[in-house]
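**Student:** quick one, fold the following:
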Amino acid sequence: MTEAIRVLITDDHEVVREGLRMILETEAGFVVVGTATDGVEAVAQTAALQPDVVLMDLRMPRMDGIEAIERISSAHPDVAVVILTTYDEDALMLRGLRAGARGFLHKDTPRTMLFETLRAAARGEVLLTPDMLARVMAQGSGSGEAGAGSDVLTGRELEVLKGVASGERNKEIAFRLGITERTVKAHLTNVYNKLGVDSRAAAIAEAMRRNLLPS
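**Tutor:** This is a model prediction of the structure:
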């Protein structure tokens, strides 16, 4: 992306909002277009400011992050939402991914990971650290019928899905499997349709719920 990534920061704690603003404003390629203190403001600010990425807290007054993610994803599917999470919010985080968020970050994440995750989200990709992926898997394990849907996804679709869960880009999945990027995209479309999702993060979350991915 050649233009600066436009970011909206949503959190009910001022110190978090201002801390993230200061970090992002020191890095070339990012511009903070606004902040919101709850889900109601986040939805309104997204409509008014059209950011590329919304950083979204989950526990907020008036409207929580889950409902805000659902509304933003429905009304503005091109806007990427990245969840801001703490270590006691894994169940909520999984719900947020299913609601349409493209990724998630711990509030104490290193700034380099913050930048990389926001850039990936703006590109429509998902960037998961091993720690974050382990937490998603822990929440998904046992929460759904074991193997439910494994008879729906083909072997190649599962291989593509595993690549997505490992943080691989389409071209990396294509190279590893010996297929074209166009074929990877076609497999992903099939995966989305079969799992009833519309993003890479939601596909990972739903696959975790159905125990389709190995830990």
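**Student:** how far off centre is stretch 35-45?
**Tutor:** Mean C-alpha position of stretch 35-45 versus that of the full chain (CA atoms, centre = their mean, to the nearest Å) differs by 18 Å.
**Student:** actually, stretch 49-62.
**Tutor:** 13 Å.
**Student:** measure residue 196 to residue 65 for me?
**Tutor:** Here the criterion is CB to CB, to the nearest Å. By it, residue 196 lies 21 Å from residue 65. In this view, the C-beta of every residue, glycine as well, is placed from N, C-alpha and C.
**Student:** what about those two, which has more around it?
**Tutor:** Set residue 196 next to residue 65 and count neighbours by other CB atoms under 10 Å: residue 65 wins out with 31 against 11.
**Student:** how about the residue nearest to that one when sequence neighbours are not counted, what does it touch?
**Tutor:** Spatial nearest neighbour of residue 65, excluding adjacent residues (CB to CB, 6 or more residues apart in numbering): residue 58 at 3.8 Å. By CB atoms under 8 Å, 6 or more residues apart in numbering, residue 58 lies in contact with 64-66, 83-85, 89, 92-93, 96.
**Student:** JSON lines for those, including pLDDT, secondary structure and distance to residue 31?
**Tutor:** Output for the contacts of residue 58, formatted as JSON lines (pLDDT from 0 to 100; DSSP: H, G, I helix; E, B strand; the rest coil; distance: CB to CB, whole Å):
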{"residue": "64", "pLDDT": "92", "secondary structure": "coil", "distance to residue 31": "27"}
{"residue": "65", "pLDDT": "92", "secondary structure": "helix", "distance to residue 31": "22"}
{"residue": "66", "pLDDT": "92", "secondary structure": "helix", "distance to residue 31": "27"}
{"residue": "83", "pLDDT": "91", "secondary structure": "strand", "distance to residue 31": "21"}
{"residue": "84", "pLDDT": "88", "secondary structure": "strand", "distance to residue 31": "19"}
{"residue": "85", "pLDDT": "83", "secondary structure": "strand", "distance to residue 31": "24"}
{"residue": "89", "pLDDT": "68", "secondary structure": "coil", "distance to residue 31": "28"}
{"residue": "92", "pLDDT": "78", "secondary structure": "helix", "distance to residue 31": "28"}
{"residue": "93", "pLDDT": "79", "secondary structure": "helix", "distance to residue 31": "26"}
{"residue": "96", "pLDDT": "83", "secondary structure": "helix", "distance to residue 31": "24"}
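**Student:** neighbour-wise, which of those residues leads?
**Tutor:** Neighbour tally across the contacts of residue 58 (other CB under 10 Å): the maximum, 31 neighbours, falls on residue 65.
**Student:** ok, back up a step: just the closest of the contacts of residue 58 to residue 42, please.
**Tutor:** Nearest to residue 42 out of the contacts of residue 58 is residue 65 (CB to CB; 8.0 Å).
**Student:** does the closest one touch residue 36 like I think?
**Tutor:** No - assessed by CB atoms under 8 Å, residue 65 is found out of contact with residue 36, at 10.6 Å.
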